[in-house]
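Engineer: model this:
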Amino acid sequence: MSSDDKVTPLRPKRPCPECGKPSARETYPFCSVRCKDIDLNRWLKGAYVIPGRDDEDEADNDAPK
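Structural biologist: From the prediction side, this is the model:
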């Protein structure tokens, strides 16, 4: 293998979802442990919520108790 051969990265570089800097291999998809911890804190606080569908809410209310 010559020194001119390029190694294809396992994952493409992409911007950090927190600050926009290029991602680091050790903390992918984040650029640093700090940005990774910020995201984890948001998950733990419940800041990221996946809304339920309206028909699921109605089905729960109509169920016998």
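Engineer: per-residue confidence averaged over stretch 29-45?
Structural biologist: Mean pLDDT, stretch 29-45: 96.
Engineer: contacts for that stretch next, please.
Structural biologist: Outside stretch 29-45, the residues that touch it by CB atoms under 8 Å, 6 or more residues apart in numbering are 11, 14, 16-19, 21-24, 27, 48. The way it works is simple: take the backbone N, C-alpha and C, and place the C-beta from them, glycine included.
Engineer: please report the distance of G20 from D37.
Structural biologist: Remark: distance between G20 and D37 (CB to CB, to the nearest Å) = 17 Å.
Engineer: between these two, which is the more surrounded one?
Structural biologist: More crowded of G20 and D37, by other CB atoms under 10 Å: D37, with 13 against 9.
Engineer: just the element for that one, please.
Structural biologist: Element membership for D37 (DSSP states H and E) is helix 33-45.
Engineer: give the contact list for Y48.
Structural biologist: Applying CB under 8 Å, 6+ apart, the residues contacting Y48 are R42.
Engineer: can you get me the start-to-end distance on stretch 15-35?
Structural biologist: 12 Å (CA to CA, to the nearest Å).
Engineer: repeat for stretch 28-35
Structural biologist: Termini of stretch 28-35 sit 10 Å apart (CA to CA).
Engineer: check stretch 44-54 too.
Structural biologist: 25 Å.
Engineer: what does stretch 23-40 give?
Structural biologist: One end of stretch 23-40 to the other measures 16 Å (CA to CA).
Engineer: in it, what's buried?
Structural biologist: By 16 or more other CB atoms under 10 Å, the buried positions in stretch 23-40 come out as 23-24, 29-32, 35-36, 39.
Engineer: just send these back as CSV, with distance to R53 too.
Structural biologist: Converted to CSV, those look like this (distance: CB to CB, whole Å):
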residue, distance to R53
S23, 33
A24, 37
P29, 28
F30, 31
C31, 35
S32, 37
C35, 32
K36, 31
D39, 26
